[in-house]
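Colleague: Any chance you could fold what I've pasted below:
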Amino acid sequence: MKVLIIFVGWCILFVLCWPVALLALILFPLVWLVSLPLRLIGITIEAIFALLRALLFLPARLLRWRRRVIAA
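Modeller: Below you'll find the model as predicted:
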């Protein structure tokens with residue numbers, strides 16, 4: 001569904017201003033290639049934070065600590 005919406009948006013842009021639509025079509029792979037290392041950095045940072053969270057909560061998991069559920 002997302003691809004269809006993007007395609008329809010591109011078709012509308014092509015009808016309204018075809019040079020911009022063709023420029024977007026040409027530049028899309030280049031932008032994707034530039035953003036790929038940034039995505040990899042983001043995945044790495046997210047993994048580091050997940051590791052730190054796991055290490056910080058390890059003592060609680062070992063002691064089987066659970067939050068108290070307060071009934072309303």
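Colleague: what about the helices in this structure?
Modeller: 2-16, 18-62 (DSSP state H).
Colleague: Tabulate the ones you listed (TSV), appending mean neighbour count.
Modeller: For the C-beta atoms, the positions are set from N, CA and C on the backbone; glycine is no exception. Below are the helices of the chain laid out as TSV (neighbours: other CB atoms under 10 Å):
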stretch	mean neighbour count
helix 2-16	10
helix 18-62	10
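Colleague: Using CSV, lay out these together with distance to residue 70 and mean pLDDT.
Modeller: Putting the helices of the chain into CSV (distance: least, CB to CB, whole Å; pLDDT from 0 to 100) gives the following:
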stretch, distance to residue 70, mean pLDDT
helix 2-16, 41, 92
helix 18-62, 19, 93
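Colleague: ok, now which ones touch residue 51?
Modeller: Residues near residue 51 by CB atoms under 8 Å, 6 or more residues apart in numbering: none.
Colleague: roughly how far apart are the residue positioned nearest the centre of the chain and residue 33?
Modeller: Geometric centre of the chain, nearest residue: residue 39, 7.8 Å, by CA atoms, centre = their mean. Noted for residue 39: a distance of 11 Å to residue 33, by CB to CB, to the nearest Å.
Colleague: again with residue 52
Modeller: Computed as CB to CB, the residue 52 to residue 33 distance reads 31 Å.
Colleague: do residue 20 as well
Modeller: Relative to residue 33, and taking CB to CB, residue 20 is found at 21 Å.
Colleague: got it, and residue 4?
Modeller: The gap separating residue 4 from residue 33 is 24 Å, by CB to CB.
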